[in-house]
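**Student:** The following comprises the amino acid sequence and a computationally predicted model.
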Amino acid sequence: MTLLLACVFVLLHASAIFFLPAFAMQVSYVFLLAAPALACAAALRRSARDGWRHSRGWLLVALAMASWTLGMAASLRQDLFLANANAAPGDSTLLFILFGVPIVLAVSASYVEGDSVLLRVIDAALALALGYLFYVHTFSLITLHGASSMIQALRVALMFDAENLFLLAAAAIRLTAADRRGERHFYRTMVVFTGLYAVATFYYNHFVALGDHPDFGSLRDPLIDIAFLAFALQAWRDPDGRRRLRRPSPALSRVVRTASPLLMALALLVVSVVVLRERFYLGVAGIGVAVLGYGVRTTLVQLKHMQTEEGLIRQRHALEELAHTDGLTGLANRRVLDEMLERAWILQESASQRVAVLMIDVDHFKKLNDRYGHAAGDACLRMVSRALLGATGRPGDVLGRYGGEEFALVMFGRSLQVALQVAERLRAAVEKLAIANADSPYGIITVSIGAASCLVAERSLEALLATADSALYAAKQQGRNRVVGLE
Ligand SMILES: Nc1nc2c(ncn2[C@@H]2O[C@H](COP(=O)(O)OP(=O)(O)OP(=O)(O)O)[C@@H](O)[C@H]2O)c(=O)[nH]1
């Protein structure tokens, strides 16, 4: 339906020129004003539909379309009210060229969530500098009345060609790397528009305006409508949610998104170099702004990446810590103990190495929980763990919470005899705490400890743990609050 309306628009434009030759120019202006105005309206509607916050690109293009419409209005004023027969009057030419500035900004800007406002300010400043240099360059070629010679008019036309090709290339690059549906819709629309616009303006400027028909009102005017109507059509349509999204390679997406801010700096650099010839210092200033703007922008992005990286490293350390620590007591958790023991058997660094394990279990802990409550039980486990840690002695020994109210101490290079001495020290340390446990025969919290020791080469890890468990069971059987060792 919208395509049909667009065709009707072009046909009406052509028919009006054909059937009303006396008013061809006036009639043509109506259509040439309406086409970009429609494109502007379609871009604004798309922004409203996608949510204003997420449609910066559409808004910038709406601004560009408004600039083009104003350019056409200025041309109308020159032609109809000031009777200026010049093919490139200054004010309209400037507005036609400035229309490219918001589009360069739309295709070059690339932000991610949390980017600083300063980035947007820098991009806007670069865009303004670009607009100003365009202004200076345009009026170095022409006056408000227009180009004074054919050569100047040709240079203006070539300036348009270069600008259009640049916009087309930039939009195409962004389209190849766009990986979200809305983003693809925007850049596809821009490629269609900038492509048609480049072809139409090339033909019109070189062969119509600078050729046989400097004023509007020829049957070739509807050519110009097509790009704007195509844009309006594309922008009007919602992106097809059923169509499979062609995803570019993530590496390509990343490169294009990272490098796209360079487009704006590059455009400013090129225009500055062009301006350099007629306004040396202004050209140098333009180059300075481009280099400095891009440099500061890159530094800001780099800073943010470094902050993010530092945050991620901190988080990773915290997660690692969390994964290896028992939440209640702050001791190593069972995973650490298991991994450490397994490593000793897997690596077999020293087959003659001796490993001793103490299994430490709090006696009648259920009774403490039942009488004093779970919170008191937790507090008791924390006190017991601190007392055990304080009594372990050697730095290489690792004490951990093995589960519930059970702890384990792993020691390398210790005989069973030494392990039993350490175990006795641990038992006494807990007893010394004298934490009340009225339902225990001892009246206080005590621990039973099972000790076992072996050479890595001599026995399996499972056998060592089973021996330590048996020793602990024996300690419980013999009345608790004691140490039993088994070879
Ligand atoms: N407060 C608290 N209680 C725990 C925690 N983990 C395990 N428990 C409790 O510890 C108790 C262990 O009970 P049992 O296995 O019967 O052992 P026990 O009462 O110490 O008896 P013996 O070991 O035979 O002396 C259970 O009641 C568990 O609910 C914990 O993190 N906090």
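**Tutor:** The structure has been received and is ready for your questions. The model shown is predicted, which means the values in this text are computed figures rather than measured ones. Numbers count the residues shown, from 1 in each chain.

**Student:** quick one, strands of the stretch 1-150 of the chain?
**Tutor:** 142-143, 146-147 (DSSP state E, counting those that start in this stretch).

**Student:** I'd like to know which of those has the weakest mean confidence.
**Tutor:** Mean pLDDT across the strands of the stretch 1-150 of the chain is lowest at strand 146-147; the value there is a mean of 62.

**Student:** Next to the ligand, which bits of the chain? Give me the list.
**Tutor:** Proximity of the chain to the ligand is confined to 328, 361-366, 369, 374, 377-378, 381, 404-405, 476 under the rule Cβ under 6 Å from any ligand atom. To be clear about C-beta, it is placed using only N, CA and C from the backbone, and glycine gets the same treatment.

**Student:** Produce a PyMOL select command limited to the buried residues of these.
**Tutor:** Buried subset of the residues of the chain next to the ligand, written as a PyMOL selection, criterion 16 or more other Cβ atoms under 10 Å:
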select buried, resi 361+362+363+364+365+369+377+381+405+476
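
**Student:** Among the residues of the chain next to the ligand, which ones are in strands?
**Tutor:** Mapping the residues of the chain next to the ligand onto strands (DSSP state E) picks out 361, 362.

**Student:** Helices - which of the residues of the chain next to the ligand land there?
**Tutor:** With helices defined by DSSP state H, the entries of the residues of the chain next to the ligand inside them are 365, 366, 369, 374, 377, 378, 381, 476.

**Student:** quick one, what contacts the fifth one?
**Tutor:** In other words, residue 377. Taking Cβ atoms under 8 Å, 6 or more residues apart in numbering as the criterion, residue 377 is in contact with 365, 368, 369, 405.

**Student:** one more time with 7 Å, if that's ok
**Tutor:** With contact taken as Cβ atoms under 7 Å, 6 or more residues apart in numbering, residue 377 is in contact with 365, 368, 369.

**Student:** Let's have those in a markdown table, adding distance to residue 355 and pLDDT.
**Tutor:** Formatted as a markdown table, the contacts of residue 377 follow (distance: Cβ to Cβ, whole Å; pLDDT from 0 to 100):
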| residue | distance to residue 355 | pLDDT |
| --- | --- | --- |
| 365 | 27 | 97 |
| 368 | 32 | 96 |
| 369 | 33 | 95 |
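
**Student:** Please identify the buried residues of stretch 193-213?
**Tutor:** By neighbour count on 16+ other Cβ under 10 Å, the buried set for stretch 193-213 is 193-198, 200-202, 204-205, 208-210, 213.

**Student:** Could you tell me which of the residues you listed belong to helices?
**Tutor:** Those of the buried residues of stretch 193-213 lying in helices (DSSP H): 193, 194, 195, 196, 197, 198, 200, 201, 202.

**Student:** Could you tell me how far the residue lying closest to residue 253 once chain neighbours are set aside is located from the ligand?
**Tutor:** For residue 253, ignoring the flanking residues on the chain, the nearest one in space by Cβ to Cβ, 6 or more residues apart in numbering is residue 177 at 4.6 Å. Computed as Cβ to the nearest ligand atom, to the nearest Å, the residue 177 to the ligand distance reads 53 Å.

**Student:** ditto for residue 257
**Tutor:** 49 Å.

**Student:** I'd say that residue and residue 178 touch.
**Tutor:** No. Assessed by Cβ atoms under 7 Å, residue 257 is found out of contact with residue 178, at 9.1 Å.

**Student:** So the two - more neighbours on which side?
**Tutor:** A count of neighbours by other Cβ atoms under 10 Å puts residue 178 above the other of residue 257 and residue 178, at 22 against 17.

**Student:** Can you tell me which helices and strands whichever helix or strand residue 319 is part of packs against?
**Tutor:** Assigned by DSSP states H and E, residue 319 falls within helix 280-324. Packing contacts for helix 280-324, counted by 3 or more Cβ pairs under 7 Å, 6 or more residues apart in numbering; DSSP states H and E, involve helix 117-141, helix 261-276.

**Student:** any chance of those helices in a markdown table, plus mean neighbour count, mean pLDDT and distance to residue 228?
**Tutor:** Shown next, in a markdown table, are the helices and strands packed on helix 280-324 (neighbours: other Cβ atoms under 10 Å; pLDDT from 0 to 100; distance: least, Cβ to Cβ, whole Å):
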| stretch | mean neighbour count | mean pLDDT | distance to residue 228 |
| --- | --- | --- | --- |
| helix 117-141 | 18 | 86 | 21 |
| helix 261-276 | 20 | 90 | 23 |
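
**Student:** Quick check: which of these is nearest to residue 232?
**Tutor:** Closest of those to residue 232 is helix 117-141, at 24.0 Å (criterion: Cβ to Cβ).

**Student:** pretty sure residue 468 contacts residue 361?
**Tutor:** No. The pair residue 468 and residue 361 does not pass the contact test of Cβ under 7 Å, sitting 10.9 Å apart.

**Student:** What is the burial count for the closest residue to residue 14 other than its chain neighbours?
**Tutor:** Among residues not flanking residue 14 along the chain, residue 222 sits closest, at 4.9 Å (Cβ to Cβ, 6+ apart). Residues lying near residue 222 (other Cβ under 10 Å) number 23.

**Student:** just residue 28 next, same as before
**Tutor:** Neighbour count for residue 28, taken as other Cβ under 10 Å: 25.

**Student:** So it sits against residue 17, correct?
**Tutor:** Yes. Counting by Cβ under 7 Å, residue 28 touches residue 17, with 5.8 Å between them.

**Student:** Can you name the residue of the chain nearest to the ligand?
**Tutor:** Here the residue of the chain nearest the ligand is residue 377; by Cβ to the nearest ligand atom that distance is 2.5 Å.

**Student:** Tell me who's in contact with the closest residue to residue 125 other than its chain neighbours.
**Tutor:** Closest residue in space to residue 125, ignoring its immediate chain neighbours: residue 293 at 6.3 Å, by Cβ to Cβ, 6+ apart. Contacts here follow Cβ under 7 Å, 6+ apart; on that basis residue 293 touches 122, 125, 126, 265.
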